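1. Fold the following and give me the result.
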Amino acid sequence: MRRIVRAGVAAALLISPVLTTVDAQAASADQPPKSGGVSVEINDGSAPVKSGGVAPMSSTKLSSGTLYFTGVNGIQVGSSYNSMLAYIKYEKTSGGQIYAEFEYEEGGVTHWDQGAFYQNAGETRSYSWGIVPLPANCSAIGKMWVSGQQTFQTPPEHPC
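-> Numbering: from 1, shown residues only. The predicted structure follows:
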């Protein structure tokens with residue numbers, strides 16, 4: 001009896017993450033190339049803190065909110081000079097629900113977040129890639145892909 005219970009629990013634990021991932025991916029057929037599950041959470045919208053204060057963020061005003069991005073040099077957040085903290089957020093102030101995914105681009109390379117998400121007016125979503133290598137060209141752009149619309153972007157950040 002004990003072996004059967006263990007096998008049943010182990011099988012349930014193995015199946016559970018698969019069902020969650022399938023549900024997250026089945027939310028929309030119009031997804032960006034890499035998507036795995038919900039990666040962002042509602043938060044207070046505060047920017048990453050660097051030594052000496054809050055990191056400045058580039059922003060783009062959209063018709064239904066504001067997209068922010070920052071690439072802070074690693075030395076300002078306790079890491080090495082050859083790294084940066086990449087962080088993006090979207091404050092949605094109006095309009096209907098969207099299905100979106102964050103990304104940032106540097107040197108022609110796109111770095112997606114961990115998966116697409118739904119967002120309603122009045123919510124702030126954010127994502128941090130954490131400490132990543134400093135872009136070779138010292139320029140990074142925050143982007144947000146929105147299903148059925150387009151990819152929106154911020155002005156470039158220069159973390160060098």
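2. This protein: helices as residue ranges?
-> If DSSP state H is used as the criterion, the helices of the chain fall at 2-25.
3. By mean pLDDT, which helix or strand of it comes out lowest?
-> Every helix and strand in the chain was compared by mean pLDDT, DSSP states H and E; the lowest is helix 2-25, with a mean of 33.
4. quick one: low-confidence parts of this structure?
-> Counting by pLDDT under 70, the chain contains low-confidence ranges at 1-55.
5. please redo it, this time with the cut-off set to 50
-> Applying pLDDT under 50 to the chain flags the ranges 1-46, 51.
6. in the protein, which spans are strands?
-> Under the criterion DSSP state E, the chain contains strands at 41-42, 49-50, 53-54, 58-62, 65-73, 83-92, 98-106, 109-112, 117-119, 124-133, 141-146, 151-153.
7. C160 is nearest to which of these?
-> C160 lies closest to strand 65-73 among these, at 6.7 Å (Cβ to Cβ). In short, each C-beta sits where N, CA and C put it, glycine included.
8. Quick check: neighbours of the closest one in the sheet, parallel or antiparallel?
-> Note on strand 65-73: by DSSP bridges, its sheet partners are strand 58-62 (antiparallel), strand 83-92 (antiparallel).
9. Measure how the shortest one sits relative to strand 141-146, angle-wise.
-> Using axes from the mean of the first three to the mean of the last three Cα atoms, to 10 degrees, the interaxial angle of strand 58-62 with respect to strand 141-146 works out to 30 degrees.
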